[in-house]
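S.K.: Predicted coordinates and the sequence they were generated for:
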Amino acid sequence: MTETELKALMLAGLAGDAASHARLLAALAPRLRAFFARRMGGPTAEAEDLVQETLLAIHLKRGLYDGSQPLTPWVQAIARYKLIDAWRRTGGRRMDSLDETEELPAEDASEAAMARRDLGVLLDRLPKRQQALLRDVRIEGLSMAEAADRHGMSVAAVKVGLHRSLKALQALVGRGGSSPDGEAGS
Amino acid sequence: MNTDDLIAVLADDVRPIRPGLVQRRLASFAGAGLAASVLLLLTWLPPRPDLMAAMGGAFFWEKGLYTLSFALAGALAVERLARPDGRTPAAAGRVLGLAVALMAVAGVTGLALAAGPAQRMALWLGDSFQVCSLRIVVLSAPILAMTLAATRSLAPTRLRSAGAAAGLLAGGLSATVYALHCPESTAAFVVTWYSLGMLACGAIGAALGPWILRWR
């Protein structure tokens, strides 16, 4: 997909078109995967974490995209920031483990990385109400209106709740949400 | 969560985005900080006794324009630097350069016209050069806290520059607040001690940026 097409999807998403937004994120995901794999010694679980963190940031910060500017540098700036932030957070330890993972066969590492991204583990760490909303809407596939009925909330409140849980999810992913102690080093 | 699931979750969260988010966030936060800074001044220092008379003269407004141009330069810069791909805009440097150049010319002219060395020193140091810059920094504290908070809530990636811009914005506003108290009215004084205070605010912002502006 070209810059022009990506930018058109972004602008449509900003105007409220969810399908365009989904297509944009789906188109960016493999690019981000390549970006992080190249810089982290292969498609590791850490690299996939950063792909997800970056997608979340693109989503949550999309109001900061200025339509008069090209989109690709905007996305790259976020990806680069996330990479540097991850290095800072983990100090030297991550660099050591990079050397080891570089020797792993790429495809196995990728599958292992995907398998480790367990939705349940992350969800368990969200507040109960946010968990329920995400499960109902995302996993059971209820519509916003059905979820609103089930929880006795307005549709608007469900949307706000989902938005909050996404932010909370971002915080968890940001802290290295799949590690048991919640801190991926300091 | 695998990445495709994440994308599906995110696609459920799409609402139209109102344009102007950056400007609104910065303006509301800086406005709240400015109000706090005015309150701080009112509880700390009296307004200049000749405030009403001073407002009838030109230099009161020139001084205000000078300090506000620092705030404008900071605002122009932080509006860009609060975005991931933002760079310091040339316009910010031009505003700052023009303001300093004009005030410096006025200051040097004033000093050149002075009757002798003693009067020259009086024009330059005024009655309050020891406290002016520091008071501007103190008054900037609530504004700086708010401009940094606003910037952090957005998505800066050049944290030092973004911090400097947030600091310059805060310093320009706090110097404008301080001018309600400070009766100094020579260009030589303002271009030295006011500028020093405002630039110190920028330096503090630059020093804090890499620590405070990191966002997830």
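M.R.: Nice, I can see it.
S.K.: Quickly find the element holding residue A:12.
M.R.: Secondary structure from DSSP states H and E places residue A:12 in helix A:3-14.
S.K.: and the angle for the helix or strand just after that helix with helix A:3-14?
M.R.: Sequence-wise, the next helix or strand downstream of helix A:3-14 (DSSP H and E) is helix A:18-39. If you take axes from the mean of the first three to the mean of the last three Cα atoms, to 10 degrees, helix A:18-39 sits at 130 degrees to helix A:3-14.
S.K.: What about residue A:43, how many residues nearby?
M.R.: In terms of burial, residue A:43 registers 25 neighbours under the definition other Cβ atoms under 10 Å in any protein chain shown. In short, each C-beta sits where N, CA and C put it, glycine included.
S.K.: Got the phi and psi for it?
M.R.: Backbone torsions of residue A:43, given as degrees, to the nearest 10, read phi -80, psi 70.
S.K.: Which pLDDT value goes with it?
M.R.: pLDDT for residue A:43: 88.
S.K.: gap between it and residue B:3?
M.R.: Distance, residue A:43 to residue B:3, using Cβ to Cβ, to the nearest Å: 11 Å.
S.K.: got it, and residue A:77?
M.R.: Per Cβ to Cβ, residue A:77 is found 20 Å from residue B:3.
S.K.: which stretches of chain B have low pLDDT?
M.R.: Within chain B, not a single segment meets pLDDT under 70.
S.K.: Go again with 80.
M.R.: Along chain B, the model assigns pLDDT under 80 to residues B:1.
S.K.: near chain A, which residues of it?
M.R.: Contact residues (Cβ under 8 Å from any Cβ of the partner chain) of chain B with chain A: B:1-18, B:21-22, B:82-85, B:154-155, B:157, B:214, B:216.
S.K.: buried subset of those residues?
M.R.: The neighbour-count test (16 or more other Cβ atoms under 10 Å in any protein chain shown) marks B:1, B:3, B:6-14, B:21-22, B:82-85, B:154-155, B:157 as buried among these.
S.K.: ok, residues contacting the helix holding residue A:12?
M.R.: Outside of helix A:3-14, the residues within contact range by Cβ atoms under 8 Å, 6 or more residues apart in numbering or on different chains are A:20-21, A:23-24, A:27-28, A:62-63, A:65, A:67, A:70-72, B:14, B:16-17.
S.K.: Would you point out the most distant pair within these?
M.R.: A:72 and B:16 (23.1 Å; Cβ to Cβ).
S.K.: Would you map the helices across chain A?
M.R.: For chain A, the helices defined by DSSP state H cover A:3-14, A:18-39, A:45-60, A:71-101, A:106-116, A:119-123, A:128-134, A:144-151, A:155-174.
S.K.: Make CSV from those and add mean neighbour count to it.
M.R.: Converted to CSV, those look like this (neighbours: other Cβ atoms under 10 Å in any protein chain shown):
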stretch, mean neighbour count
helix A:3-14, 17
helix A:18-39, 19
helix A:45-60, 23
helix A:71-101, 16
helix A:106-116, 14
helix A:119-123, 16
helix A:128-134, 18
helix A:144-151, 16
helix A:155-174, 18
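S.K.: Lowest average confidence across these, which one?
M.R.: For the helices of chain A, mean pLDDT drops lowest on helix A:106-116, to a mean of 43.
S.K.: Quick check: residue B:22 touching residue B:79?
M.R.: Yes: using Cβ atoms under 8 Å, residue B:22 is in contact with residue B:79, at 5.7 Å.
S.K.: So for residue B:87, what's the nearest residue that isn't a sequence neighbour?
M.R.: Once flanking residues are discounted, residue B:87 sits nearest to residue B:80: 6.2 Å by Cβ to Cβ, 6 or more residues apart in numbering or on different chains.
S.K.: With residue B:213 instead?
M.R.: Residue B:213 sits nearest to residue B:159 (Cβ to Cβ, 6+ apart), 4.4 Å away.
S.K.: Tell me, how many residues neighbour that neighbour?
M.R.: Around residue B:159 there are 21 residues (other Cβ under 10 Å).
S.K.: who's in contact with it?
M.R.: B:209-210, B:213-214.
S.K.: for these, which one is nearest chain A?
M.R.: Sorting the contacts of residue B:159 by distance to chain A puts residue B:214 at the head of the list, at 6.7 Å, by Cβ to the nearest Cβ.
S.K.: In terms of helix, strand or coil, where does that closest one fall?
M.R.: The assignment at residue B:214 comes out as coil when based on DSSP: H, G, I helix; E, B strand; the rest coil.
S.K.: Repeat that for residue B:181.
M.R.: Three-state call for residue B:181 (three-state DSSP): coil.
S.K.: how far away is the residue nearest to it when sequence neighbours are not counted from chain A?
M.R.: Nearest residue to residue B:181, sequence neighbours excluded (Cβ to Cβ, 6+ apart): residue B:45, at 4.4 Å. Taking Cβ to the nearest Cβ, to the nearest Å as the measure, residue B:45 falls 38 Å from chain A.
S.K.: Give me the phi and psi angles of residue B:45.
M.R.: Note on residue B:45: backbone dihedrals following degrees, to the nearest 10 are phi -130, psi 140.
S.K.: That one - how many residues pack around it?
M.R.: Using other Cβ under 10 Å, residue B:45 is surrounded by 15 other residues.
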